[in-house]
Structures are given as C-alpha cells and as structure tokens.
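Visitor: Provided below are the primary sequence and the corresponding predicted coordinates.
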Amino acid sequence: MIKTSVTYKEIWKIAYPIILGSIVQNIISVTDTAFLGRVGEIELGAAAIGGVFYITLIMLGFGFSIGTQIIVARRFGENRQNEIGETIEHSHYFLIVLSIVLIFLMRAFMPFIFENVLESEEVRIATNEYLSYRIWGLFFACINFGFRAFYIGIARTKVITWTTIFMALTNVFLDYALIFGNFGFNEYGIAGAAIASVVAEIAACAFFIVYTIKFVDLKYYGLFNFRKFSYKLLKRIITVSFPMMMQNFLSLAGWFFFFLFVEKMGERPLAVSNIVRSIFVVMLIPIWGFNSATNTLVSYAIGRERTDEVISIVFKVLKLGIACVICLITINLIIPEKVLSIYTNNTTLIQESLPSLRVISIAAIFLTTGFILFSGVSGTGMTKISFLIETAIIVFYIALAYVLTNLNNAKIEYVWTVEIFYGTLIGSLSYFYLRFGNLQHKRI
C-alpha cells in the first residue's frame, strides 16, 4: 500500500473539534431522553419516533451540505479559495428553500402519516405534539449546515465545537426549565423538549453568523458578496450533493421504519429502543468527526492529484476511529447499569435494556469500519456510487428489521442485530470500490 503524506496528527486536527462538537451536540439528545425518561414511557417513545422522523427529513439538508463540503475542500486543494464563498452562498439559497418546503409538507401531512402508521393513540398524540414545535427548527438547522460545510471544507473545525457548546448549554437550560416548569416557566412536558431544541438551533445560527463576520477573512474566501444567482453553479452543487441528500435521507429513513416496526411490538420495547438509540448515537460520536475528516482529506488529495494516497488516508482514519469507539464500548461493558441509569430510574426498564446495550456495543465496531470506508467513497466525488451502495443496503436493512420484529416472541435485542449486518455490508462494498474502482480526478 502506498504511503500518504497525511499524518495522524493532521487527521486528528480536523476530526477532534468535530468530535467534541458532536459530544456537545449529543448532550442535547441525552438530555432530552434523560428528562423525558422521568416524565413517562409514552413521552420517551414518542420522542424517539418524532426525533427520528425529524432527523430523517433534516438529513436532506445535511446530505446537501456534505456535497457542498466536498466541493469546498476540492476548491481549497486547487487553490481556488475565492470561489468558495460563491459556493456557500448558493448552498444557503438551496438549503433555505428546502427547509421552507419541508416545514410546509410536515405541517400538511404529519397528522395523516402518524394516524396511519402508529398503533398506540397515546404515542401518536404525543408524537404530533412534539413535532408541531420541533419542525420550526428545520429552517435554522439548514442554515447551520451551510456554515458547517464551509468550516469543515477548509479544515477549520474548532468553531463547530464552540457553536455546539453554546447550542447545548442553551438546550440543557431550556429543557430543565420547560419540560418540568422550573425557573418560573410553565411546565410543557414533551413540548418543552421540542421548544428547547428549536431555540438552541436559533442560538447556534446566530453564533455562526457573528463568528464568521468577526473572525473570517471574508474577502479571501469571497464570502457574503451575494453575487448574481448562477443556475450553472447551483446545478453543479446539486449534481454532487443530490446523491448525498438521498443517501442520508434513506439511511435515516431506515431507522424511522425500524422504530415504526418496534412500536408495533409494544410501548416497553419502544422505550428500550429509545434509550439504546441515544446510547448508540453517543458511541458513534467519533465516527462523525472521522467521517468528515475522511471526506475532506480524500477530496483535498484528489484536488492535489494525489489519488494514489486515498486508500492509505482512509485506513489511517479508520485506525483512529476504531480506537476511539473501543474506549466507549469498554465503558458500556464495565458499568452498563450506571450508563442506563442516566436515562431512566426504572429498574425493570434498565434490566430489559441490558441485552440490547451489549448488541449495539458490538455493532459499533462494524459501523465505525463501514462508515469511514463509505466516507472515503463519497470523498472521491463519486456520490452516485455511494448513493447506489446506500440504497442497496438500506433495502436489505428495512426488510431484515421487518422480519425480526415480526418473529414469534421476538426480542428487542435480536432486532438491534440489524446494525451489525448494515455495518458489515456497507464496509465491504465501500472497500471493494476503493480497492478496485476508478479514483482518478473527477471534476466537481
């Protein structure tokens, strides 16, 4: 294998601020789950379905931002920094319109969707209540994705940590205030968790804007010039980003279907799954940072016409990613009850969650490997290939989840094994493409 000039230190320099930012970001998820776990199992289950549904839709914006990030990193590698600002502006144009369309569609069709897919009326009512507030965060979250694409693309990622710290502090304070009615606020229950998240998104958006104006060389990157709209440029961004949008949407749609299938198993398996999902997301925190580092470094290397280094870069990132995830798995295996007690004080619920916790601990290794290899594929700019890989695997994922949830006497821990199959397949197909596919310079 050809060696790469990219060092572990350089990989870590890009990844760790995103990892720290993801840790802070997931404090929001952990806080919501922990607080709602003390409100009731209905609210816990409803937040799981509502949260996954919201994230599924928002993945359209996130996927578009990954495509933008790949283009920004390519321009950075080509020493065409003055074109980056125009790319970010057009990305924001698209993301703002996308968020408005998604909000409208959710307002129009959300009650109909859940009325037909959820069996528990109590869970359905609570889910609709949660999402009726949460959807307004889409607008600000999409704007944040545009800024995120800029900073990761130019490998200046510390600001993401600072932004998410500000966002998390806002959310934790408002969760405590609005869910339980503290500090003189009214008690809103599950609606309070949604309101807190929306205000936190607004706070993060304001932070990004102020920071960019004060601390970034706007002229050097061509930011905030608000040039004449270019359909040709937007089309180029969409060409790269659209497969990433669909890919991320399908990935989270698979999880949404997973929770719909689990909901039919009963309220207790749904509550267990929401706790496990929250822990699982925390375990995968290192992946988000290393995925972004992989996308940026691979695209940058290709921009520098160093395609022979791609596989070596990916495997260096993979070693760091697995090392970080193993540290988190160790905690789960040594003190599992204490980890679960963060989310609920119901001892029966804790005991029933233990087998699923062990399953996701194993699955985390497979998903770390699969996701980082997969990010290597998308970083090449061949986003259509990555979309085809994701589509094929997610169909299998949904079908397997359906089968496992409908077995006689199905146990929730067996259902969670689908994550192991998912990680194995996406890693295998991604490695095959990186090893034998055409990685030559693709203009984007």
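Guide: It's in.

Visitor: and residue 201, how many neighbours does it have?
Guide: 24 (other CB atoms under 10 Å). No exception for glycine: its C-beta is placed from N, CA and C like everyone else's.

Visitor: whoops, I mixed them up, residue 229
Guide: Residue 229: 10 neighbours (other CB under 10 Å).

Visitor: Mind checking what secondary structure the closest residue to it other than its chain neighbours has?
Guide: Distance criterion CB to CB, 6 or more residues apart in numbering; nearest residue to residue 229, sequence neighbours excluded, is residue 93 at 7.1 Å. What DSSP: H, G, I helix; E, B strand; the rest coil gives for residue 93 is helix.

Visitor: Thought residue 231 was touching residue 93, still the case?
Guide: No. Using CB atoms under 8 Å, residue 93 is not in contact with residue 231; the gap is 10.7 Å.

Visitor: quick one, which of the two is more surrounded?
Guide: Shown here are residue 93 and residue 231; by other CB under 10 Å, residue 93 has more neighbours (14 against 8).

Visitor: Tell me where the stretch 201-350 of the chain has helices.
Guide: 218-221, 231-263, 267-283, 285-303, 310-334, 336-341, 347-379 (DSSP state H, counting those that start in this stretch).

Visitor: Can you lay out those helices as a markdown table showing distance to residue 404 and mean pLDDT?
Guide: Below are the helices of the stretch 201-350 of the chain laid out as a markdown table (distance: least, CB to CB, whole Å; pLDDT from 0 to 100):
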| stretch | distance to residue 404 | mean pLDDT |
| --- | --- | --- |
| helix 218-221 | 49 | 93 |
| helix 231-263 | 8 | 86 |
| helix 267-283 | 12 | 85 |
| helix 285-303 | 24 | 80 |
| helix 310-334 | 22 | 90 |
| helix 336-341 | 22 | 91 |
| helix 347-379 | 12 | 91 |
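
Visitor: which of those helices is buried the deepest?
Guide: Most buried of those, by mean neighbour count (mean count of other CB atoms under 10 Å): helix 285-303, with a mean of 26.

Visitor: between it and helix 231-263, how many degrees?
Guide: Inter-element angle recorded for helix 285-303 and helix 231-263: 150 degrees (by axes from the mean of the first three to the mean of the last three CA atoms, to 10 degrees).

Visitor: got the angle for helix 285-303 vs helix 267-283?
Guide: Using the same axes, to 10 degrees: helix 285-303 against helix 267-283 is 50 degrees.

Visitor: Convert the C-alpha atoms of helix 285-303 to CSV, please.
Guide: In CSV, the C-alpha atoms belonging to helix 285-303 read as follows (Å, rounded to 0.1, in the frame of the first residue of the first chain):
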residue,chain,number,x,y,z
ILE,A,285,-19.7,10.3,18.1
PRO,A,286,-16.1,9.6,16.9
ILE,A,287,-17.5,8.5,13.6
TRP,A,288,-19.0,11.8,12.7
GLY,A,289,-15.6,13.6,13.2
PHE,A,290,-13.6,11.0,11.3
ASN,A,291,-16.2,10.7,8.5
SER,A,292,-15.9,14.5,7.9
ALA,A,293,-12.1,14.2,8.1
THR,A,294,-12.2,11.4,5.5
ASN,A,295,-14.4,13.4,3.2
THR,A,296,-12.2,16.5,3.4
LEU,A,297,-8.8,14.8,3.2
VAL,A,298,-9.8,12.5,0.3
SER,A,299,-11.3,15.3,-1.7
TYR,A,300,-8.3,17.5,-0.9
ALA,A,301,-5.9,14.8,-2.0
ILE,A,302,-7.7,14.3,-5.3
GLY,A,303,-7.7,18.1,-5.8
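
Visitor: Check the offset of it from the chain's centre.
Guide: 15 Å (CA atoms, centre = their mean, to the nearest Å).

Visitor: hmm, back to that, so for residue 14, which of the helices of the stretch 201-350 of the chain sits nearest?
Guide: With CB to CB as the criterion, residue 14 lies closest to helix 285-303 of the helices of the stretch 201-350 of the chain, at 4.3 Å.

Visitor: now for the closest one, which elements pack on it?
Guide: helix 8-36, helix 41-77, helix 137-153, helix 310-334, helix 347-379 (3 or more CB pairs under 8 Å, 6 or more residues apart in numbering; DSSP states H and E).

Visitor: What mean pLDDT does the longest one get?
Guide: Along helix 41-77, the predicted confidence averages to a pLDDT of 85.

Visitor: likewise the shortest one?
Guide: Mean per-residue pLDDT for helix 137-153: 93.

Visitor: helices and strands around whichever helix or strand comes after it, which ones?
Guide: Of the helices and strands lying after helix 137-153 in sequence (DSSP states H and E), the nearest is helix 158-180. Secondary-structure packing of helix 158-180 (3+ CB pairs under 8 Å, 6+ apart): helix 8-36, helix 137-153, helix 190-215.

Visitor: Grab the CA positions of helix 158-180 and hand them over as CSV.
Guide: Provided in CSV are the C-alpha atoms of helix 158-180 (Å, rounded to 0.1, in the frame of the first residue of the first chain):
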residue,chain,number,x,y,z
LYS,A,158,-12.8,24.4,16.0
VAL,A,159,-15.7,26.9,15.6
ILE,A,160,-18.1,23.9,15.2
THR,A,161,-17.1,22.9,18.8
TRP,A,162,-17.7,26.4,20.2
THR,A,163,-21.0,26.7,18.3
THR,A,164,-22.3,23.3,19.6
ILE,A,165,-21.2,24.1,23.2
PHE,A,166,-23.3,27.3,23.0
MET,A,167,-26.2,25.4,21.5
ALA,A,168,-26.0,22.6,24.1
LEU,A,169,-25.9,24.9,27.1
THR,A,170,-29.0,26.7,25.7
ASN,A,171,-30.8,23.4,25.2
VAL,A,172,-30.0,21.9,28.6
PHE,A,173,-31.1,25.0,30.4
LEU,A,174,-34.4,25.3,28.5
ASP,A,175,-35.0,21.5,28.8
TYR,A,176,-34.9,21.7,32.5
ALA,A,177,-36.9,24.9,32.6
LEU,A,178,-39.6,24.0,30.1
ILE,A,179,-40.1,20.2,30.5
PHE,A,180,-40.6,20.4,34.3
